[in-house]
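In: Model the structure of this input:
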Amino acid sequence: MSVMHRIRIFHAFLALLVLTSYFSAEMGLIHAWLGYGVAVLILVRLIWALSGAPQLGLERFYPSFKDMRLKGFMTHPAISRTLLAGIAITVIGATGTGVMMDNGRALQPTSLSSFTFSGESEEREEAGGESETEDVYEELHELLANLAIAFVISHVVYLVSFKRPLARFMLFANK
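Out: Model (predicted):
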């Protein structure tokens, strides 16, 4: 299997996991597990980038505005790379703040005994809610998640509008 096909499969898993994490925000433990899944995929991608294949390197996320001209600027790689960098930063940030908020509670065997769909454990409710630090993490987590979705939508619209063959390939719609 070629590197591009592996990237496409990884992309599909990451997109699916990020979207299900986003839309499960009010599902407590399920949301936390999906978030840890995103964290694992991010780590796999970072390790994969160290393999040396040029298609996998992290430089693909750094925009370069060299040789950008008014004519044809919408198809310049800097736009796509800027959107990718935005997605990467916001997804990593949302995942990191989620892990800090959870503090490993979802990974403990006792988490199933206090499982609720509201996202609050019985122990947390009895303890009097959340601290100010947890509130800050929660607000930052939500902001970064919303920004990530905005970047994803922009990324999809950009690819479909200006890089249709690549969009078709990544969506398994190529001939």
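
In: Now do the helices in this protein.
Out: For the chain, the helices defined by DSSP state H cover 3-23, 29-49, 77-102, 122-126, 132-162, 164-170.

In: name the helices or strands packed onto the longest one?
Out: In terms of contact count using 3 or more Cβ pairs under 8 Å, 6 or more residues apart in numbering; DSSP states H and E, helix 132-162 is assigned the packing partners helix 3-23, helix 77-102, helix 164-170. Where C-beta positions appear, they are placed from N, C-alpha and C, glycine not excepted.

In: Can you flag the weakest of these by average pLDDT?
Out: If you rank those by mean pLDDT, helix 164-170 sits at the bottom with a mean of 85.

In: which residue packs closest to the most centrally placed residue in the chain, ignoring adjacent ones?
Out: Centroid-nearest residue in the chain, with Cα atoms, centre = their mean: residue 91, separated by 3.5 Å. Spatial nearest neighbour of residue 91, excluding adjacent residues (Cβ to Cβ, 6 or more residues apart in numbering): residue 148 at 5.0 Å.

In: Next, count neighbours for residue 3.
Out: Residue neighbour count, defined by other Cβ atoms under 10 Å, stands at 13 for residue 3.

In: follow-up on the earlier one: for the helices and strands packed on helix 132-162, which one sits closest to residue 136?
Out: Residue 136 lies closest, by Cβ to Cβ, to one member of the helices and strands packed on helix 132-162: helix 77-102, at 9.0 Å.

In: Quick one: work out the angle between the closest one and helix 3-23.
Out: 50 degrees (axes from the mean of the first three to the mean of the last three Cα atoms, to 10 degrees).

In: For helix 77-102, buried residues please.
Out: 77, 79-88, 90-99, 101-102 (16 or more other Cβ atoms under 10 Å).

In: picking up where we left off before, is it correct that the residue nearest to the centre of the chain is in contact with residue 39?
Out: No - contact criterion Cβ atoms under 8 Å: residue 91 and residue 39 do not qualify, at 9.9 Å.

In: and the residue nearest to residue 169 when sequence neighbours are not counted, what is it in contact with?
Out: Nearest residue to residue 169, sequence neighbours excluded (Cβ to Cβ, 6+ apart): residue 8, at 6.8 Å. With contact set as Cβ atoms under 8 Å, 6 or more residues apart in numbering, residue 8 has these partners: 169-170, 172.

In: Going by neighbour count, which of those residues are buried?
Out: Here, 16+ other Cβ under 10 Å leaves 169-170 buried among the contacts of residue 8.

In: which one among the contacts of residue 8 gets closest to residue 48?
Out: Nearest member of these to residue 48, counting by Cβ to Cβ, is residue 170, at 16.8 Å.

In: Make JSON lines from the helices of the chain and add distance to residue 109 to it.
Out: Formatted as JSON lines, the helices of the chain follow (distance: least, Cβ to Cβ, whole Å):
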{"stretch": "helix 3-23", "distance to residue 109": "22"}
{"stretch": "helix 29-49", "distance to residue 109": "12"}
{"stretch": "helix 77-102", "distance to residue 109": "15"}
{"stretch": "helix 122-126", "distance to residue 109": "14"}
{"stretch": "helix 132-162", "distance to residue 109": "23"}
{"stretch": "helix 164-170", "distance to residue 109": "38"}
